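Asker: take this sequence and fold it.
(chains A and B)
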Amino acid sequence: DTAVSQTPKYLVTQMGNDKSIKCEQNLGHDTMYWYKQDSKKFLKIMFSYNNKELIINETVPNRFSPKSPDKAHLNLHINSLELGDSAVYFCASSQGTGNQPQHFGDGTRLSIL
Amino acid sequence: GNSVTQMEGPVTLSEEAFLTINCTYTATGYPSLFWYVQYPGEGLQLLLKATKADDKGSNKGFEATYRKETTSFHLEKGSVQVSDSAVYFCALSDRGDSWGKLQFGAGTQVVVTP
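Answerer: Residues are numbered from 1 along each chain as shown, chains lettered A, B, ... in the order given. The predicted structure is shown next:
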């Protein structure tokens, strides 16, 4: 019974394409996040939504557009993919913010050819 | 700004050895501190947390104490197992930033050999 699930698990595509990654959580949480993990394992937050409202928007190219159709879903659409977008993208969720623990999905490995 | 610094890996040790991973932080507000663990091919899992000075977080034999005077949150385990092989991340969430943005350290890979 997966708590935070992301699809697809692997995504291999060409430079210049547009792709989406989907995330769903069944924990009843009200806050969701997208993180990017680079090849050196460094993790950086990209976006966060609380009750479908964007609350964190780090310095991310506007080719990346998150969408939260409801509290249980946070999707990430990426336009005009570039080589530097190759990474593992993690979705996470929490109930509330501040010091609440975040629950992570297993990640989507994006490889740009 | 806020930042987290943790010791570089990989850290390689034998089963039943003592593990310490150093973590220090800088924060403008009153942070909560966390250790997350990432097993191969998986997402991060919360290992333990501490929300105020002198708090000790503990879980699965791991411990870390929030030391405000040294701005540290070092992770320790007295006797590691092969199954503890993973990447460990120290992180903070600054209460001044009320929306729970996690600032991660660079991660420390731990390899435990039989």
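Asker: contacts and neighbour counts: CA atoms only from here.
Answerer: OK.
Asker: what about A:L113, how many residues nearby?
Answerer: Neighbours of A:L113 under the rule other CA atoms under 10 Å in any protein chain shown: 12.
Asker: residues in contact with it?
Answerer: A:L113 sits next to A:12-15, A:83 when contact means CA atoms under 8 Å, 6 or more residues apart in numbering or on different chains.
Asker: so which of those are in strands?
Answerer: A:12-13 (DSSP state E).
Asker: give me the PyMOL select line for the contacts of A:L113, limited to the buried ones.
Answerer: Only the buried entries of the contacts of A:L113 go into this PyMOL selection, using 16 or more other CA atoms under 10 Å in any protein chain shown:
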select buried, chain A and resi 15
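Asker: include distance to chain B when you put the contacts of A:L113 into a markdown table, please.
Answerer: Listed next are the contacts of A:L113 as a markdown table, based on distance: CA to the nearest CA, whole Å:
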| residue | distance to chain B |
| --- | --- |
| A:V12 | 17 |
| A:T13 | 20 |
| A:Q14 | 23 |
| A:M15 | 25 |
| A:L83 | 22 |
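Asker: tell me who's in contact with A:N26.
Answerer: Applying CA under 8 Å, 6+ apart to A:N26 gives the contacts A:2-4, A:72.
Asker: wait, I meant B:Q103
Answerer: Taking CA under 8 Å, 6+ apart, we find B:Q103 in contact with A:44-45, B:2-4, B:91-93.
Asker: quick check, nearest of those residues to B:V111?
Answerer: Nearest to B:V111 among these: B:A91, at 20.6 Å, using CA to CA.
Asker: what strand or helix carries the closest one?
Answerer: Per DSSP states H and E, B:A91 falls inside strand B:86-94.
Asker: could I get the average pLDDT for that strand?
Answerer: Mean per-residue pLDDT for strand B:86-94: 93.
Asker: does any bit of that strand sit next to chain A?
Answerer: Yes: using CA under 8 Å from any CA of the partner chain, strand B:86-94 reaches chain A at B:93-94.
Asker: helices or strands next to that strand in the packing?
Answerer: strand B:3-6, strand B:31-38, strand B:102-104, strand B:108-113 (3 or more CA pairs under 8 Å, 6 or more residues apart in numbering or on different chains; DSSP states H and E).
Asker: columns mean pLDDT on top of the ones you listed, output as a markdown table?
Answerer: A markdown table is the format used below for the helices and strands packed on strand B:86-94 (pLDDT from 0 to 100):
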| stretch | mean pLDDT |
| --- | --- |
| strand B:3-6 | 94 |
| strand B:31-38 | 94 |
| strand B:102-104 | 90 |
| strand B:108-113 | 97 |
